[in-house]
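Novice: Sequence first, then the predicted structure:
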Amino acid sequence: MAVNSEIQSQAERRLAGIVMGEGDSIMSSGLVYCVVVTGGVVRVMIDDDRYDLARVMDSDLPGLVEHELMQLEGVSRVVVKPKPKSICIGEPVAGVKHVIGVHSVKGGVGKSTVTACLALAFARRGLRTGIVDADVYGPSVPLMFGVSEESEVDAATNKMNPIEVAGIKLMSVGMILPDDEPLIWRGNLVDEGMPQLFREVNWGQLDVLLIDMPPGTGDVPIAIARHVPLAGIITVTSPSILSTTDVRRGLEFFADVKVPLLGIIENMGLYQCDCGESIALFGSGAGSGLAEELGVDMLARLPFESAIVEASEQAGGLPETAGTLFDGAMQRVAMQLASMLDVEKEKVH
Amino acid sequence: MSDDFKKNDSSGSILNFVSPDEFKKSGQSKPVHQPTPVPGVKDVVAVASGKGGVGKSTVAFHLARALAEQGKRVGIADADIYGPSQALLCRTADVLQYNDDATKALPFEQNGIYSMSIGNLYPPEAHIAWKGPIVSEAVLQIIFEVEWPDLDLLILDMPPGTGDVALTILEQVPLTGAVIVTTPQQVATLDAARGVRMFHNLNVPVFGIVENMAWLTCPCCGEKRYPFGKRGGEALASRMHVRFLGALSLDVQLNEGGLMSQDSVLCYQELADVVAKSAELDRQAREDGIQKMGDPRHGSGDGKPTWEKLIS
């Protein structure tokens, strides 16, 4: 099968043959902003700053583009859509250098655990680290870190004080409304409430702020992309091939709103039976497949650890257990991310 | 150079990329405020979980299959918009067909199971970054704007969580009852408890709790292992006073295209029995006596499940 870059140049050549009006091609006129190919899917991005997207989409062009490109070997699907565009309207979070979102479209893949372990690894590197638990419907950070008290409002600044555990500053809806009842933030409430979890908090100075995001691509991820300038996203997946479709949907969303993908972490991998046999509980291959398809780094491949399950049953049991079990892998991830983002260079003591 | 496509106005609206236009072609959207019956469908049964990744969609699918094997006419409506799995599980195609007057979409049919999922309509490149109200609308369309054939049961694969989409479904879809899926893990049972409460708060009977991924049999030594802990689902059922519907093993051989374990086959058969009977009983109860006490779903509004009112 043809590789992505090959398909891309072939596609661009084909598109250069499509001419509009007086003879400019859709490539030379700048109508096509760029062509992106991953795993047989070609995306043709329209520059909608210069051209009226609605009129382009209503014209014959999308059909023509699809017809042309589907003839190329290795192309399974063609999508015509607007170019990536940031929807961020928010200023950087005061005092915070880098905000990294940890995301997965699929729930239950251990996203919160990964976030916690990664934060611990950053903290061990001496970086000032925080976590925003943005899972407003099922906040798990308080339980994982054993926080039962409510966040207090600082009288001087009128902002909430984060709660610090194991050197990590934590903020969660669960620390504002410690009630067990399900929180139902309808529609616009999320858009109003979400920025507060970032801006109405006394973070002090932080090198890295991780966001434990809820699954899906609904109100919360949209609100975050809208209000918080992100250094990038880390995607967590289970090894199951079945979850790759879901993961792709999430990645496509962040790509479209111009948030860089920093890498993929595959969680819940091999489980070791007492007899010594390694068992793939949820199949294998999703993470590496996606990393290859998208040309991004596979940051880590984590095994399934029953000890983590047990630790998460006890309030606050996780930091210690996770810190030990995943420490090696997570230290490598933290190091890689730190160098990607130049965190260390800017570190101020 | 042609000016054909020149831009005249730039709008920063978020709806630029969340437009569900294509979806809306499946029919005119109309707000539904009271549960209205789904034409052709006797009972709608929700399969739900508080937490994602506990195998809710898989359980929904195999439950539907077991019901179909017992001769029931079954459909699956996939209400999990962000992570739709039923198109993959049901192995259905991706070209939508409409009825003769193009007012409703036709469900896909595979092995006697009728289904509709957003996965049938959108490839992964069309990420579905929709806000709550649009998702709710899409879910209602998947249920009400599909021309279901005459069905005994429509299984509704609920979105994870207790967010506003779940609430909209509970308010607007006539649910006969719900099955809650959890794993033995405590974090999953805590979320599942929230799910049970949500159904009870809106007076939808919970048929019971299924414990998924309860154990696995090591392919090497043959021993039973409990990677997610033991009996969390059973304990939850007794704590919440709902029926325990059984424990399903984690059949790792399914990942490599193997067959389901005999334990699981039996468990699904029992599950299908209970669901079919409970649905029948609850529907009859609603149709006969209980209605005299007012509409069981919205009547008293005291948030207590029907059975509690009957006891007191």
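Specialist: Structure's in. What do you need?

Novice: all contacts plus neighbour counts: C-alpha atoms, from now on.
Specialist: Noted.

Novice: so how far is B:Trp215 from B:Phe228?
Specialist: For B:Phe228, the distance to B:Trp215 equals 8 Å [CA to CA, to the nearest Å].

Novice: Now do the helices in chain B.
Specialist: Under the criterion DSSP state H, chain B contains helices at B:21-24, B:56-69, B:86-89, B:132-144, B:164-172, B:186-201, B:232-240, B:262-287, B:306-311.

Novice: Turn the ones you listed into CSV, including mean pLDDT.
Specialist: As requested, those are exported to CSV (pLDDT from 0 to 100):
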stretch, mean pLDDT
helix B:21-24, 38
helix B:56-69, 96
helix B:86-89, 88
helix B:132-144, 90
helix B:164-172, 89
helix B:186-201, 89
helix B:232-240, 95
helix B:262-287, 92
helix B:306-311, 39
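
Novice: need the contact list for B:Val139.
Specialist: Contacts for B:Val139 (CA atoms under 8 Å, 6 or more residues apart in numbering or on different chains) come out as B:Asp78, B:Ala79, B:Ile81, B:Ile169.

Novice: same check, this time on A:Met175
Specialist: Contacts of A:Met175 (CA under 8 Å, 6+ apart): A:Pro142, A:Val147, A:Ser148, A:Glu149, A:Glu150, A:Ser151.

Novice: Kindly recompute the last result at 10 Å.
Specialist: For A:Met175, the contact set (CA atoms under 10 Å, 6 or more residues apart in numbering or on different chains) comprises A:Asp133, A:Pro139, A:Val141, A:Pro142, A:Val147, A:Ser148, A:Glu149, A:Glu150, A:Ser151, A:Glu152, A:Pro162, A:Ile163.

Novice: List the backbone torsions phi and psi for it.
Specialist: phi -100, psi -10 (degrees, to the nearest 10).

Novice: so what sits against both of B:Phe228 and B:Trp215?
Specialist: B:Thr183, B:Pro184.

Novice: about what we covered before: could you dump the helices of chain B to TSV with distance to A:Lys83?
Specialist: Output for these, formatted as TSV (distance: least, CA to CA, whole Å):
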stretch	distance to A:Lys83
helix B:21-24	19
helix B:56-69	34
helix B:86-89	29
helix B:132-144	23
helix B:164-172	30
helix B:186-201	39
helix B:232-240	47
helix B:262-287	47
helix B:306-311	53
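
Novice: elements contacting the helix or strand of chain A with the lowest mean pLDDT?
Specialist: Least confident element among the helices and strands of chain A, by mean pLDDT, DSSP states H and E: helix A:318-325 (a mean of 76). Where contact means 3 or more CA pairs under 10 Å, 6 or more residues apart in numbering or on different chains; DSSP states H and E, helix A:318-325 is packed against helix A:111-124, helix A:141-145, helix A:306-313, helix A:327-341.

Novice: Excluding chain neighbours, what is closest to A:Gly317?
Specialist: Of all residues not flanking A:Gly317 in the chain, A:Ala311 sits nearest, at 4.8 Å (CA to CA, 6 or more residues apart in numbering or on different chains).

Novice: what's the spacing between A:Arg124 and A:Leu118?
Specialist: Where A:Leu118 is concerned, A:Arg124 sits at a distance of 10 Å (CA to CA).

Novice: circling back: residues contacting the residue nearest to A:Gly317?
Specialist: A:Met144, A:Glu305, A:Gly317, A:Leu318, A:Pro319, A:Glu320, A:Thr321, A:Ala322 are the contacts of A:Ala311 under CA under 10 Å, 6+ apart.

Novice: Chain B versus the second one, what's the distance?
Specialist: Per CA to the nearest CA, to the nearest Å, A:Glu305 is found 8 Å from chain B.

Novice: what pairs with the closest residue to that residue other than its chain neighbours across the strands?
Specialist: Of all residues not flanking A:Glu305 in the chain, A:Tyr271 sits nearest, at 6.6 Å (CA to CA, 6+ apart). Taking DSSP bridges as the rule, A:Tyr271 bridges to A:Ile279.

Novice: Can you get me a residue count around A:Tyr271?
Specialist: 18 (other CA atoms under 10 Å in any protein chain shown).

Novice: A:Val36 contacts A:Gln10, doesn't it?
Specialist: No. Using CA atoms under 10 Å, A:Val36 makes no contact with A:Gln10, being 11.8 Å away.

Novice: phi, psi of A:Ile87?
Specialist: phi -110, psi 10.

Novice: Quick one: residues contacting it.
Specialist: A:222-229, A:256-259, B:12-14.

Novice: Across the sheet, point out what pairs with the most centrally placed residue in chain A.
Specialist: In chain A, the centroid-proximal residue (CA atoms, centre = their mean) is A:Ile233; its distance is 3.2 Å. Under DSSP bridges, the beta-bridge partners of A:Ile233 are A:Gly101, A:Leu261.

Novice: For it, which residues are in contact?
Specialist: Taking CA under 10 Å, 6+ apart, one finds A:99-104, A:210-211, A:251, A:254-255, A:259-264 in contact with A:Ile233.

Novice: Among these, name the buried ones.
Specialist: Taking 16 or more other CA atoms under 10 Å in any protein chain shown as the criterion, what is buried in the contacts of A:Ile233 is A:99-104, A:210-211, A:251, A:254-255, A:259-264.

Novice: Please identify which two of the contacts of A:Met175 are farthest apart in space.
Specialist: Largest separation among the contacts of A:Met175 by CA to CA: A:Pro139 and A:Glu152, giving 18.0 Å.

Novice: More neighbours: which of these two?
Specialist: A:Pro139 (22 against 14).

Novice: quick one: contacts for the nearest residue to the more buried one once chain neighbours are set aside?
Specialist: Distances taken as CA to CA, 6+ apart put A:Gly174 closest to A:Pro139, at 5.9 Å, once the chain neighbours are dropped. Listed by CA under 10 Å, 6+ apart, the contact partners of A:Gly174 are A:133-143, A:147-151, A:180, A:183.

Novice: Am I right that A:Gly174 is in a strand?
Specialist: No. Under the criterion used here (DSSP: H, G, I helix; E, B strand; the rest coil), A:Gly174 is helix, not part of a strand.

Novice: Kindly give the local confidence score, pLDDT, for it.
Specialist: We have a pLDDT of 85 for A:Gly174.

Novice: Same list as before, the contacts of A:Met175 that is, but in TSV and with secondary structure, pLDDT and distance to B:Glu125 included.
Specialist: Formatted as TSV, the contacts of A:Met175 follow (DSSP: H, G, I helix; E, B strand; the rest coil; pLDDT from 0 to 100; distance: CA to CA, whole Å):
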residue	secondary structure	pLDDT	distance to B:Glu125
A:Asp133	strand	95	28
A:Pro139	coil	83	29
A:Val141	helix	89	31
A:Pro142	helix	87	35
A:Val147	coil	89	39
A:Ser148	coil	86	41
A:Glu149	coil	87	43
A:Glu150	coil	88	41
A:Ser151	coil	90	40
A:Glu152	coil	91	43
A:Pro162	coil	97	38
A:Ile163	strand	96	39
